[in-house]
Each structure stands twice: as structure tokens, then as C-alpha cells.
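**Q** Build me a model:
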Amino acid sequence: MRALERVLLRGFPSAAESPRWKQNEAASAAESGSLLQLLLEGNYEAILLSKAVQNIFTVPSAAKEEKLDSYLEKQIQAYLDCSSIDVDSVERQSIVFLLGVGSLQLFVQSNWTGPPVELQPQDFLPPELLQQYTEPSILSASILSKLVLDGESIYSLTSHAVLLMLARAVLVNSRHKLEAVQTLPWWTLRCVNIHQQLLEEKSPELFAVARACIQQVLEIEALFTDDECW
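**A** Numbers count the residues shown, from 1 in each chain. Below is the predicted model of the structure:
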């Protein structure tokens, strides 16, 4: 798990890691390994369309009336809580973590770096869930309203805000269930920072999360003393 996190945080495998990466890391955890490869290639849309991620977004009976933000969090946390002989707990955490990072990276691509993102909510979310939103503008307004914090309005021209909502559902609101991910505070901090940039004023809620993340990073000595070279 740490090797996966190290490669992801750096953005590429080191010279020492490259020969063994495809042979060992991707092979030992097929789903998370393939998702990581997509991340390193910058193919973020493929992550949300992957079978591993689609397994998270099944349709519960109450999905038709459920709000999007609560649906995402419930599905993610239910997936993490599920016990299965086919997928162990660490692998589930890896898949969810990579989903969160991929969503955040795709949101940044859509709003800052480009190229334009073609992916739409209906491409990766159940149609039953989206039936309550009769127009794209209604869905967009609903998502933006859920990203308002401490009464501070959010930038109205934000593109693909559902990706930030999804990233937040993983990296912020489900972080207590991702115990196996040691570098999670770095990604939570990045998610919080990006969210803050879209708000008109500083959010005390986001500041509190950011401060907690910084403290967690300082306390993770193993990440700084590991024999592997960063």
C-alpha cells in the first residue's frame, strides 16, 4: 500500500521502482493497480467509468429520493464496510482512495489546467438517482448549494462541481474509514485548499480540517524515515 501511495504522491515511479512496478504492484492488487496506472497516465475519466468504481455506485432502493451528496457518502462508506472474500479491506480502501484522487484531479483539469472534460454525472451515476433533477441546471445548482460552507457562496461558474463533491465525499467525509492510507492527509489538504479557492471568504470549517491534516502529516514519522527514496 505504501508503494502505491508513494508513486501516486510523486506522480511517477522512481527509477528503482519502475522495473518491479508492473510486475509486482499492479499484479498483486489488480483493481487498484489498474486504477493507479490510469491516474499516472492522466486518464481520470476512465477511473470513474471503471468496473471497480461502478461497483460502488449500485442503486439502493431509496436512491430515487436521496440527495446526491448523501448518496455518494453512503455508497462509499457501505462499500468500505462490506466484508468480502473477493476484495479485502485494504484493497477496498485503495480503490476508494484512488477514486477520490482521480475525481479531484479531474475537477482541477476541468476548472484550471484543461483540456475540457466531457464526462457528465449520468455517465457514471445511476439514472434512477438523477431522475429527480429534471434539468442539468437544476442538478448543477443543487450540487453547488451542497458545496457552500459557513454561509460563504461558491463560484457560480464552477465546472463539473460533482467531481469536487465526490472528491470531498472520499477525501474529507470518509477519511476516518481510510486507515490504511498513510498519505491521506496530503490529499485531504489539497481537496480542502481547492474547495476554499472557490468560496468568497475563508471557511472556518475548511481551516479546521486543514490544520488537522497538517498536524497528522507532522506526526507520521514513518513516511519521512522510510528506507525507500522519495
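**Q** Distance-wise, check S84 relative to E91.
**A** The gap separating S84 from E91 is 10 Å, by CB to CB, to the nearest Å. All C-beta atoms are positioned from the backbone trio N, CA, C, and that covers glycine.
**Q** In the chain, which residue is most central in space?
**A** In the chain, the C-alpha nearest the mean C-alpha coordinate belongs to G100, at 0.7 Å (CA atoms, centre = their mean).
**Q** Y44 touches V108, doesn't it?
**A** No - applying CB atoms under 8 Å, one finds Y44 not in contact with V108, separated by 9.4 Å.
**Q** quick one: which of those two has more around it?
**A** Set side by side, Y44 and V108 show more neighbours around Y44, with 22 against 17, by other CB atoms under 10 Å.
**Q** Count residues in the vicinity of L178, would you?
**A** Count around L178 with other CB under 10 Å applied: 21.
**Q** contacting residues for it?
**A** With contacts defined as CB atoms under 8 Å, 6 or more residues apart in numbering, the neighbours of L178 are 80, 93, 96-97, 170, 184.
**Q** Most neighbours out of those residues, which is it?
**A** In terms of neighbour count, V170 stands highest of these at 30 neighbours, by other CB under 10 Å.
**Q** Which strand or helix spans the closest residue to that one other than its chain neighbours?
**A** In space, and not counting its chain neighbours, V170 is closest to G100: 2.9 Å by CB to CB, 6 or more residues apart in numbering. Taking DSSP states H and E as the definition, one finds G100 inside helix 89-108.
**Q** which parts of that helix are buried?
**A** Of the residues in helix 89-108, those buried under the neighbour-count criterion (16 or more other CB atoms under 10 Å) are 91-108.
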